[in-house]
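S.K.: sequence plus predicted model, see below.
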Amino acid sequence: MAEQCKDPRCPTHGGLKVRGRIMQAHVVSAKERKSAIVEIPRVHKVHKYERFEKRHSRIHVHVPECISVKEGDLVEIGECHKLSKTKAHVVIKKI
Ligand SMILES: [Zn+2]
């Protein structure tokens, strides 16, 4: 990318260390400039009926300067240290 990335909280250009789980998630909201809300699908077993139920968790993620996301994008996110009250994950790349 030609544009220089000066975001200190960027996993590729800044000093942000990603550790823990790496997950794939769908962007559901990208209204804020440097953060987005993503949905992580997971399955939950209902013992009573011996069936699986689709559930998802919504989390806030940090979007570094060099990545732009929009609603509906599939992104790879990684766990990092807490960035703000609600954010502890960062977008690594678009898929
Ligand atoms: Zn960057």
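M.R.: Okay, I see it.
S.K.: quickly find the element holding Leu83.
M.R.: Here Leu83, judged by DSSP states H and E, is contained in no helix and no strand.
S.K.: if I look at it, how far off is the ion?
M.R.: According to C-beta to the ion, to the nearest Å, Leu83 and the ion sit 15 Å apart. Every C-beta, even on glycine, is put in place using the N, C-alpha and C of the backbone.
S.K.: for that residue, give me its contacts.
M.R.: Arg9, His62, Val90 (C-beta atoms under 8 Å, 6 or more residues apart in numbering).
S.K.: how about the residues of this structure that lie near the ion?
M.R.: Applying C-beta under 5 Å from the ion, we find that the chain lies next to the ion at Cys5, Cys10, Thr12, His13, Pro64, Cys66.
S.K.: need those in TSV (columns: distance to Ile40, secondary structure and pLDDT).
M.R.: Formatted as TSV, these follow (distance: C-beta to C-beta, whole Å; DSSP: H, G, I helix; E, B strand; the rest coil; pLDDT from 0 to 100):
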residue	distance to Ile40	secondary structure	pLDDT
Cys5	25	coil	89
Cys10	21	coil	95
Thr12	22	coil	92
His13	25	coil	93
Pro64	19	coil	95
Cys66	23	coil	94
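S.K.: among the residues you listed, name the buried ones.
M.R.: By neighbour count, with 16 or more other C-beta atoms under 10 Å, those hold Cys10, His13, Pro64, Cys66 as buried.
S.K.: return the residues in contact with the second one.
M.R.: By C-beta under 8 Å, 6+ apart, the residues touching His13 are Cys5, Lys6, Asp7, Pro64, Cys66.
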